[in-house]
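> Dropping the sequence and predicted coords here.
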Amino acid sequence: MRTRAAGDYLKNQTNFDTIIDLIPAMAWSTTSDGMLDFANQHFLDFIGMPLANISGENFYRLFHPDDVAHLGAEWQRIMSSKTGKEVEGRLRRADGDYRWCSLRQKPHLDPEGNVLKWYGVVLDIEDRKQAENALMETKSALAASEENLRLIINSLPVLVWSARPDGSADFVNQSWLDYAGLPADQILEWGFLDLYHPDDIPEMVEIWKRDLEHSDHTQLKGRIRGRDGEYRWFYFSGRKLTDANGIVRWFGVNIDIENLQCAENALRESEAALRESEHKLDLIINTIPAMAWSCTPDGQLEYWNKIFIDFVGLMIEDLQGFGFYRVFHPDDVDRMRVSWEQIVATKHPHPVDARIRRFDGEYRWFNLQQSPLLDADGNVVRWYGVVVDIEDRKRAEESLRQSQSDLAHVTRLTTIGELAVSIAHEINQPLMAIVTNAGTCLRWLQDGHTDLRQARQAAERVVHDGHRAGEIVSSIRAMAQRSPVRMERTDFTRALRDVLFLLREELQSRGLQVVTDLTSDPVYVLGDRTQLQQVLLNLIMNSAEAMPPGADALIRVKCTQRPEGEVEVSVSDTGEAIPPAQLDRVFEAFYTTKPDGIGMGLSICRSIVEAHGGRIWATSSHPRGSSFNFTLSSFKDAAIDR
């Protein structure tokens, strides 16, 4: 019988242990003095240790170092009071991570109330803890947000309010209280009406009630009495909102517009005076003998006076907006469009010349001048301008250009004439070589002395010398002939070499040495080849005439490409230096330091260089040596006829 009872006990104990190991909780037990003597399999799997490693007081090693003191003290109090209590702390999991857990325990007492054993469970509450922390952070952020919102609303320099669906006020901000100088209870509900100007109340209440019933927003103006007893104009703006619970409220602001209202009144008074002034100004503009116009900030024509309308023979409706381009010569339209768009974009006026068609179809040159009217912030309010007839001036300029071209041509012919002996010598050399080689060729073709190879070589030398003579003649003809100016892509280094080739005999006869400092690659500029060669010819001959023959007589010609896209050319010599006081005058017409000079060579050089968009200047290395420098534009665009 006893054996059977023992077997039943063991069986029940086995079933009990199995149940304890299978329950989804970490169960444990300790002795009456708190020494751990049992942990179920779920607990051991969680911590990844056998019971032997945590039995007795070793279970403290499972706690987070920051929680050991607190949990130890709580455990002592629980054992002293013999009463269970839920305690929270962090336990190390098998993977090394600490997780928040709830430790619950209950004592097993004997009949006298003594603790026989302690039983308990450990529940993983990590997810709950994280949720609680997130909730706490959210509440803290919400509280901070509400405080910030309150500070913002009370700091706004406007009167903020909210109202119920019936229109009575249930909130006003601090700015409202400060302006009225009253406590909130005297403004809320319908107390705010006592602060409105009596003359404004009927209309304001009517609009407010109408919008409450039929609209989701309201806008009105009225006067509100301040703490000083003075009324000021305010602009009222409000909107109806419905929250997630279906509660309807109105929110709005009252903006002080006293200064604006005064300005509006003054504006209305000034508008009448302005209309009268505009009428008088219109009479003046339409009667003055000048063509005046105005445009909007974006460049669209809005006005052109009667003088101009009569000149072009069109209606103002045909010209308004961007229709004014139709009055320009077809060849000028694109240039005018680009120029005007650039002026409008940069806000910087720039006079422009263009041809405008008269009512009879004739085109005349005009100068268009403009000036922007700017506000305090520098923004264009309107463009104003005049159109000035410059047809006579243009014809005079064209006549002057033709005279300058004729003078430059004469100067070239004069220079060529002065070089006639040298040029004749240059041509004579290849011609004499042609005669000699032709005679040699005939001699090798005679009977008894026939040698075709020698005859062919002599004939080839004839051809070579013929080409050389032709190149010399072509260079002279290009310099001497009269041709229209053509701005095109020009190889400046080749033009320079042709000039030096033409002057070679002349410079050698003077005992002068020429040194060039040129790049190996061609240097392309935008210009007229003949005119640029004339500049080089004038400057080189000017240097040659400034130096006596000698071993140190040297002319240096240098050509460099500058970073800003220009080509700089310098012609320097070792002759007598130009006095500093004369450096600014050497380019003046008819000014010369030579006894037999007429003072036009350097003046023509300046005209040509400036016509090419460059500049020319002289420097002096006193007491010996002078340098003439000029710049040209690198080639960028296609050839342009002028």
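Structure received. Numbers count the residues shown, from 1 in each chain.
> partner strands of the host helix or strand of His108, parallel or antiparallel?
Assigned by DSSP states H and E, His108 belongs to strand 98-109. Using DSSP bridges, the strands paired with strand 98-109 are strand 87-92 (antiparallel), strand 115-124 (antiparallel).
> then that strand to CSV, C-alphas only?
Written as CSV, here are the backbone C-alpha positions of strand 98-109 (Å, rounded to 0.1, in the frame of the first residue of the first chain):
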residue,chain,number,x,y,z
TYR,A,98,18.4,43.1,-21.1
ARG,A,99,14.7,43.1,-21.1
TRP,A,100,12.2,44.6,-18.7
CYS,A,101,10.4,42.0,-16.6
SER,A,102,7.8,41.9,-13.9
LEU,A,103,8.8,39.8,-10.9
ARG,A,104,5.8,38.5,-8.9
GLN,A,105,6.0,36.2,-5.8
LYS,A,106,3.8,34.7,-3.1
PRO,A,107,4.9,33.0,0.1
HIS,A,108,3.8,29.4,1.2
LEU,A,109,3.0,29.7,4.9
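> hmm, back to that, between the strands paired with strand 98-109, which one is nearest to Asn173?
strand 87-92 (44.0 Å; Cβ to Cβ). Bear in mind the C-beta positions are built from the backbone N, C-alpha and C, glycine included.
> Now the closest one - C-alpha only, CSV.
Extracted C-alpha coordinates of strand 87-92, given in CSV (Å, rounded to 0.1, in the frame of the first residue of the first chain):
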residue,chain,number,x,y,z
VAL,A,87,8.7,44.4,-8.8
GLU,A,88,10.1,45.5,-12.1
GLY,A,89,13.6,45.2,-13.3
ARG,A,90,15.8,44.2,-16.3
LEU,A,91,17.0,40.6,-16.8
ARG,A,92,19.7,39.5,-19.2
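> what's near enough to touch Ser364?
Check again: residue 364 is Arg, not Ser. 355-356, 358, 389, 391 (Cβ atoms under 8 Å, 6 or more residues apart in numbering).
> The host helix or strand of Asn148 vs strand 87-92, what angle?
Using DSSP H and E, Asn148 sits within helix 126-155. Interaxial angle of helix 126-155 relative to strand 87-92 (axes from the mean of the first three to the mean of the last three Cα atoms, to 10 degrees): 110 degrees.
> Helix 126-155 - contacts with which helices or strands?
Helix 126-155 is packed against strand 98-109, helix 174-180, with contacts defined by 3 or more Cβ pairs under 8 Å, 6 or more residues apart in numbering; DSSP states H and E.
> want to try CSV for those, with mean neighbour count as columns?
Converted to CSV, the helices and strands packed on helix 126-155 look like this (neighbours: other Cβ atoms under 10 Å):
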stretch, mean neighbour count
strand 98-109, 17
helix 174-180, 19
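> Would you reformat the ones you listed as TSV and include mean pLDDT and distance to Glu505?
Formatted as TSV, those follow (pLDDT from 0 to 100; distance: least, Cβ to Cβ, whole Å):
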stretch	mean pLDDT	distance to Glu505
strand 98-109	92	103
helix 174-180	92	97
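> Out of these, which is closest to Glu230?
Taking the helices and strands packed on helix 126-155 one by one with Cβ to Cβ, helix 174-180 is closest: 10.8 Å.
> from the chain's centre, how far out does the closest one sit?
45 Å (Cα atoms, centre = their mean, to the nearest Å).
> who touches that helix?
With Cβ under 8 Å, 6+ apart, helix 174-180 has contacts from 154-161, 183-184, 186-187, 195, 224-227, 254.
> for the stretch 301-450 of the chain, what spans make up the strands?
For the stretch 301-450 of the chain, applying DSSP state E, counting those that start in this stretch gives strands covering 301-304, 352-357, 363-374, 380-389.
> Columns distance to Lys82 on top of those strands, output as JSON lines?
Below are the strands of the stretch 301-450 of the chain laid out as JSON lines (distance: least, Cβ to Cβ, whole Å):
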{"stretch": "strand 301-304", "distance to Lys82": "99"}
{"stretch": "strand 352-357", "distance to Lys82": "106"}
{"stretch": "strand 363-374", "distance to Lys82": "92"}
{"stretch": "strand 380-389", "distance to Lys82": "92"}
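> Between those strands, which has the poorest mean confidence score?
Ranked by mean pLDDT, the strands of the stretch 301-450 of the chain bottom out at strand 301-304, which scores a mean of 83.
> What are the buried residues along it?
Neighbour counts over strand 301-304 (16 or more other Cβ atoms under 10 Å) mark 301, 303-304 as buried.
> can you check stretch 511-524 too?
512, 514, 523-524.
> so how far is stretch 351-365 from its chain's centroid?
With Cα atoms, centre = their mean as the basis, the mean position of stretch 351-365 lies at 38 Å from the chain mean.
> so who does Val514 touch?
500, 507, 540, 554-557.
> Just to be sure, it is in a strand?
Yes. Counting by DSSP: H, G, I helix; E, B strand; the rest coil, Val514 falls inside a strand.
> And it, how close does it get to Cys441?
35 Å (Cβ to Cβ, to the nearest Å).
> How much space separates Val122 from Met35?
Taken as Cβ to Cβ, the span from Val122 to Met35 is 17 Å.
> Let me know the pLDDT of Arg2.
50.
> brain fart, Glu341
So Glu341 comes in at 91 (pLDDT).
> Which residue lies closest in space to it, excluding its sequence neighbours?
Leaving aside its sequence neighbours, Glu341 sits nearest to Gly299 (Cβ to Cβ, 6 or more residues apart in numbering; 7.0 Å).
> State the three-state secondary structure for the one you found.
Assigned with three-state DSSP, Gly299 falls in the coil class.
> Could you list which residues are in contact with it?
By Cβ under 8 Å, 6+ apart, the neighbours of Gly299 are 322, 340-341, 343-344, 383.
> how about a cut-off of 10 Å?
Contacts were defined as Cβ atoms under 10 Å, 6 or more residues apart in numbering; by that measure Gly299 touches 321-322, 324, 337, 340-341, 343-345, 370, 380, 383.
> Now go through those and say which are in helices.
Using DSSP state H, the subset of the contacts of Gly299 located in helices is 337, 340-341, 343-345.
> Looking at those, spot the one nearest Gly565.
Of those, the one sitting nearest to Gly565 (Cβ to Cβ) turns out to be Ala345, at 22.4 Å.
> who's in contact with that closest one?
By Cβ under 10 Å, 6+ apart, the neighbours of Ala345 are 298-299.
> Look at it and report its pLDDT.
91.
> Specify the beta-bridge partners of the nearest residue to Asp353 once chain neighbours are set aside.
Of all residues not flanking Asp353 in the chain, Asn367 sits nearest, at 5.5 Å (Cβ to Cβ, 6+ apart). With DSSP bridges as the criterion, Asn367 is bridged to Asp353, Val388.
> Look up how far Asp334 lies from Asn367.
19 Å.
> In three-state terms, label Thr83 for me.
Thr83 is classified as coil under three-state DSSP.
> For the nearest residue to it once chain neighbours are set aside, which residues are in contact?
Leaving aside its chain neighbours, Thr83 sits nearest to Pro107 (7.7 Å; criterion: Cβ to Cβ, 6+ apart). By Cβ under 10 Å, 6+ apart, the contact set of Pro107 is 30, 32, 78-79, 81-84, 113-120.
> residues near Val388, how many?
Residues lying near Val388 (other Cβ atoms under 10 Å) number 14.
> Chain neighbours aside, what residue packs nearest to Glu576?
Using Cβ to Cβ, 6+ apart, the nearest residue to Glu576 is Ala546, at 6.1 Å.
> same question but for Phe43, I mixed them up
Met26 (3.7 Å).
> Same check on Tyr98?
Spatially, and ignoring its direct neighbours in sequence, Tyr98 is nearest to Arg90 (4.1 Å; Cβ to Cβ, 6+ apart).
> For the one you found, list each beta-bridge partner.
Trp100.
> what pLDDT does it get?
93.
> Next up, the contacts around it.
Counted by Cβ under 10 Å, 6+ apart, Arg90 has contacts 62-67, 71, 97-101, 126, 129.
> Most widely separated two among the ones in helices among the contacts of Gly299?
Largest pairwise distance in these, by Cβ to Cβ, is 12.5 Å, between Arg337 and Ala345.
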